[in-house]
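**Student:** quick one, structure for this:
(chains A and B)
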Amino acid sequence: MSSLDVSSVNPAPAPRFARLFVVTGTSGRYPPLLTAVLLLPLLLLLFFSFLYPVGRMLVGSLFDPGFTLDNYLRMFNEPLYLKVLLRTLWIAFATTVGAFVLGYPVAFAMARAGSRLTLLIAACVLIPLWTSVLVRSYAWIVLLQRKGVLNDILVGTGIVEQPLKLIYTEGAVIVAMTHVMLPFMVLPIYAALRTIPKELPQAAANLGAGTFTTFARIILPLSLPGVFAGALMTFILALGFYVTPALLGGPQTLMMATLIGQQTTIMLDWPFAGALATVLLVVTLVLTFMFRRVLATSRGFANV
Amino acid sequence: MSETIALSQTRPSRPHVLGKLAAGAVIGLILFFLILPTLIVIPISFNSAPYIEFPPSGLTLKWYSEFFSDPDWMAAMLFSLRIAFFTTISATIIGTLAAIALVRGDLPGKSLVLGLALSPLIVPHIIMAIALYLFFAPLRLTGNFFGFLLAHTMLTIPYVVIAVSASLQRFDPVLEMAALNCGANRGRAFFEIVLPHITPGVVTGAVFAFVSSFDEATVAFFISGIEGKTITRKLFEDIDFNLTPVIAVVSTIIVAISIILMGAIRLAQNRTST
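**Tutor:** Numbers count the residues shown, from 1 in each chain, chains lettered A, B, ... in the order given. Okay, the predicted model is just below:
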């Protein structure tokens, strides 16, 4: 009797199991259930390390214990916090402009140079990218502090008499952040420049265009997708950047990320920190979603 | 032959030599700006003076021996290495499975999962840091190895997914179907056919995961505890309060580890692609 049970039950699940798990079909695609099983560890991980903690933070910023928007209104009602918000936008914008101005020539040279020179330029772009942001911020402190390298040179050569206050200023934050973001600008622009067929600038020149005209009317417009991708990437990353402003900025240069950190560890105002973080997250996600096509073309960060 | 190359390089309308020199100088200066902060920590770590001085007045290994004999630094270093090692293993396994499913699988909502998996590249780390801190602190999980493993696996998985997906896109699924037709089961087909073909992508992803876990500072700053402290957290504190040349030593070591690993991967990639 029992043996009959087994034989009658067994054949039925086997084909179903096979259909869901094993059969690949003619295109070599994996069936949905197998796909889901392979994705399960990732989904569990993302839930516990990302979705659940962020969701909790969001709820914590909205309920006290009843529903309230106070934490969000505070951000816009108190001039100090509004100033931080505007300063964050300004510093991110200045960083993006700085990275573009310095990054475009580098990407251009990298695309035009011979293979050996390209390798050298690529090394100069990638090595800082691979250097911990913490180390780079420390290096900027060494360079910019009161008795730092730059002040030594300035005083030593007699350009200035007293050491300048360079560190803990907005300028220091912008310079150091521009340095951190430069590779994110250079790589997508380089990728865009490299796809321009060599014949195009030659054809323009044959038709009588000068170097400048060729650049302004052929090369620059064709590289714009790379510029947009790099600029967007830089702006988004700069908005939420923590390490560099925390180490190189002073109380006068508080940004969104450093304000969130301060509210969490010093003020212990967790609901307000959660509200600030939620606003930053929403801004980031809206920008990313609005420009997802532009970002997808960049793939600059695949090079990290 | 050499004439045609020269012609195509200078282009018909020859830019002035002076302009070219100026452009070269500008680019040289920008490259100097790029590379200087990485290089400057090296001479400072060997400088004999106890304060920051450039150029160094004398050479010493004093700060290196101070670093290696300091129990706090050693504990932080070992904690970071342990986290990076196990993060690499979990991120590589979970990320590789996910990449296979995302590239080859049929499932509604796949692109949403991909977007979510890649989001740590875009979402500011401070948000993850605060969210995890608020989650861990009441549970007394700050400074905890498993807390770090969870956080760093999530942060580094995008690199594995991107690298393995790129490898998979170059892999012909017909090979796997052939193995299945010849009687191999899924597991065997994976280990004997798929995995050997995507190994370069898996290794690249693993190295990226290791380096980014070891270098990660923002989340580590918030979820470290008094006991469990990563090297980046200790570095962060010391830069803020106790600026000694030992920091330059730590920086040099961190930079050396990252650049050697990433450079090796880059060279290996160039070799296989050409």
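
**Student:** okay, now A:K147: neighbour count?
**Tutor:** Residues lying near A:K147 (other Cβ atoms under 10 Å in any protein chain shown) number 12. Bear in mind the C-beta positions are built from the backbone N, C-alpha and C, glycine included.

**Student:** got it, and A:A36?
**Tutor:** Using other Cβ under 10 Å, A:A36 is surrounded by 17 other residues.

**Student:** any idea how far chain B is from it?
**Tutor:** 6 Å (Cβ to the nearest Cβ, to the nearest Å).

**Student:** could you check the pLDDT of that residue?
**Tutor:** Model confidence at A:A36, given as pLDDT, is 89.

**Student:** contact partners for it?
**Tutor:** By Cβ atoms under 8 Å, 6 or more residues apart in numbering or on different chains, the residues touching A:A36 are B:101, B:107.

**Student:** how does it look with 6 Å?
**Tutor:** B:L107 (Cβ atoms under 6 Å, 6 or more residues apart in numbering or on different chains).

**Student:** list the contacts of the residue in the stretch 101-250 of chain A that chain B sits nearest to.
**Tutor:** Across the stretch 101-250 of chain A, no residue is closer to chain B than A:G240, which sits at 2.2 Å (Cβ to the nearest Cβ). By Cβ under 6 Å, 6+ apart, the residues touching A:G240 are A:257, A:280, B:124, B:126.

**Student:** what does the helix or strand harbouring the last one rub up against?
**Tutor:** Yep, that's B:I126 we're talking about. In the assignment (DSSP states H and E), B:I126 maps to helix B:125-136. Applying Cβ under 6 Å, 6+ apart, the external contacts of helix B:125-136 come out as A:53-54, A:57, A:240, A:242, A:257, A:260, A:264, A:270, A:273, A:277, A:281, B:142, B:147, B:151, B:218-219, B:222-223.

**Student:** tell me the angle of the helix or strand following it relative to helix B:125-136?
**Tutor:** Using DSSP H and E, the next helix or strand after helix B:125-136 towards the C-terminus is helix B:145-169. With axes from the mean of the first three to the mean of the last three Cα atoms, to 10 degrees as the basis, helix B:145-169 and helix B:125-136 are set at 140 degrees to each other.

**Student:** for helix B:145-169, packing partners?
**Tutor:** helix B:71-104, helix B:195-215 (3 or more Cβ pairs under 6 Å, 6 or more residues apart in numbering or on different chains; DSSP states H and E).

**Student:** so what's A:V186 up against?
**Tutor:** Taking Cβ under 6 Å, 6+ apart as the criterion, A:V186 is in contact with A:103, A:106-107, A:125.

**Student:** mind running it again at 10 Å?
**Tutor:** A:V186 sits next to A:99-100, A:102-110, A:121-122, A:124-126, A:129, A:226, A:230, A:300, A:303, B:30, B:34 when contact means Cβ atoms under 10 Å, 6 or more residues apart in numbering or on different chains.

**Student:** doesn't it belong to a helix?
**Tutor:** Yes. Looking at A:V186 with DSSP: H, G, I helix; E, B strand; the rest coil, it is inside a helix.

**Student:** now do the helix or strand that contains B:I253 against helix B:195-215, angle only.
**Tutor:** Using DSSP H and E, B:I253 sits within helix B:245-273. Helix B:245-273 and helix B:195-215 are oriented at 160 degrees to each other (the same axes, to 10 degrees).

**Student:** I'd like the average pLDDT over helix B:245-273.
**Tutor:** On average, helix B:245-273 scores 87.

**Student:** check stretch B:193-213 too.
**Tutor:** Average pLDDT, stretch B:193-213: 93.

**Student:** that stretch and chain A, any residue contact?
**Tutor:** Yes. Contact of stretch B:193-213 with chain A (Cβ under 10 Å from any Cβ of the partner chain) involves B:208, B:211-212.

**Student:** are any of those buried, and which?
**Tutor:** Among the residues of stretch B:193-213 next to chain A, the ones that count as buried by 16 or more other Cβ atoms under 10 Å in any protein chain shown are B:208, B:211-212.

**Student:** in TSV, list these along with distance to B:Q269.
**Tutor:** Shown next, in TSV, are those (distance: Cβ to Cβ, whole Å):
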residue	distance to B:Q269
B:F208	12
B:V211	15
B:S212	17
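
**Student:** for residue 28, which three-state class applies?
**Tutor:** By default, I'm working from chain A. Per three-state DSSP, A:G28 ends up coil.

**Student:** OK, contacts around it?
**Tutor:** A:G28 touches B:104, B:171-178, B:180, counting by Cβ under 10 Å, 6+ apart.

**Student:** got it, and A:T284?
**Tutor:** A:T284 neighbours (Cβ under 10 Å, 6+ apart): A:235-237, A:239-240, B:119, B:122-124, B:127.

**Student:** mind putting the residues you listed into TSV with secondary structure and pLDDT?
**Tutor:** Formatted as TSV, those follow (DSSP: H, G, I helix; E, B strand; the rest coil; pLDDT from 0 to 100):
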residue	secondary structure	pLDDT
A:F235	helix	95
A:I236	helix	93
A:L237	helix	93
A:L239	helix	94
A:G240	coil	92
B:S119	helix	90
B:I122	coil	89
B:V123	coil	92
B:P124	coil	94
B:I127	helix	95
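
**Student:** low-confidence ranges, the chain, go.
**Tutor:** Picking chain A for this. Where chain A drops to pLDDT under 70, the residues are A:1-27, A:297-304.

**Student:** chain B, not that one
**Tutor:** For chain B, the ranges with pLDDT under 70 are B:1-15, B:53-54, B:273-274.

**Student:** distance between stretch B:202-217 and the chain's centre?
**Tutor:** In terms of Cα atoms, centre = their mean, to the nearest Å, the centre of stretch B:202-217 is found 4 Å from the chain centre.

**Student:** C-alpha coordinates for it, CSV please?
**Tutor:** Provided in CSV are the C-alpha atoms of stretch B:202-217 (Å, rounded to 0.1, in the frame of the first residue of the first chain):
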residue,chain,number,x,y,z
VAL,B,202,33.6,37.2,-10.0
VAL,B,203,37.2,37.9,-9.1
THR,B,204,36.8,41.6,-10.1
GLY,B,205,33.7,41.9,-8.1
ALA,B,206,35.3,40.2,-5.1
VAL,B,207,38.3,42.6,-5.1
PHE,B,208,36.1,45.6,-5.5
ALA,B,209,34.0,44.4,-2.5
PHE,B,210,37.1,43.8,-0.4
VAL,B,211,38.6,47.3,-1.1
SER,B,212,35.4,49.2,-0.7
SER,B,213,34.6,47.4,2.6
PHE,B,214,38.1,48.1,3.9
ASP,B,215,38.0,51.8,2.8
GLU,B,216,34.4,52.4,3.8
ALA,B,217,34.3,55.3,6.3
